[in-house]
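Enquirer: I'd like to go over a predicted model; first the sequence, then the structure.
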Amino acid sequence: MSHVKAGGSTKNNHNNAGHRLGVKRFGGQNVRAGEVLVRQVGATKIAGPGTYVSRNFTIHAKKDGVVEFKQIKVRRFTGKTVQRTQVCVA
């Protein structure tokens, strides 16, 4: 016979706030230096000229200008090339 009580179920414990990820400034929009362009988990989009990446992979504008999105090919460490979106400020 068991000496431990049966473990109950936990159903209502998923009350975390959303992370508000995604593209914040779209192509053709004017931006100022330091503005957030993309919030992301991991490097799904790549920072191009006129942008920089912060510690949590957020892409910011380095200078004032207009946002552009380009499709580029990136080589992975296995040698395979994949398409990624590059965020630029011109």
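Expert: Perfect, thanks for sending it. Residues are numbered from 1 along each chain as shown.
Enquirer: how much space between the residue most central in space within the chain and Arg20?
Expert: Centroid check for the chain by CA atoms, centre = their mean gives Gln40 as the closest residue, at 1.5 Å. Here the criterion is CB to CB, to the nearest Å. By it, Gln40 lies 11 Å from Arg20. Every C-beta, even on glycine, is put in place using the N, C-alpha and C of the backbone.
Enquirer: report the contact partners of Ile72.
Expert: 46, 83-86 (CB atoms under 8 Å, 6 or more residues apart in numbering).
Enquirer: which of these sits closest to Lys73?
Expert: Lys73 lies nearest to Gln83 out of the contacts of Ile72, by CB to CB, at 6.0 Å.
Enquirer: need the contact list for the residue lying closest to that closest one once chain neighbours are set aside.
Expert: Closest residue in space to Gln83, ignoring its immediate chain neighbours: Gln71 at 5.5 Å, by CB to CB, 6 or more residues apart in numbering. Gln71 sits next to 83-86 when contact means CB under 8 Å, 6+ apart.
Enquirer: now name the helix or strand holding Gln71.
Expert: Per DSSP states H and E, Gln71 falls inside strand 65-75.
Enquirer: go on, Phe57?
Expert: With DSSP H and E as criterion, Phe57 is part of no helix or strand.
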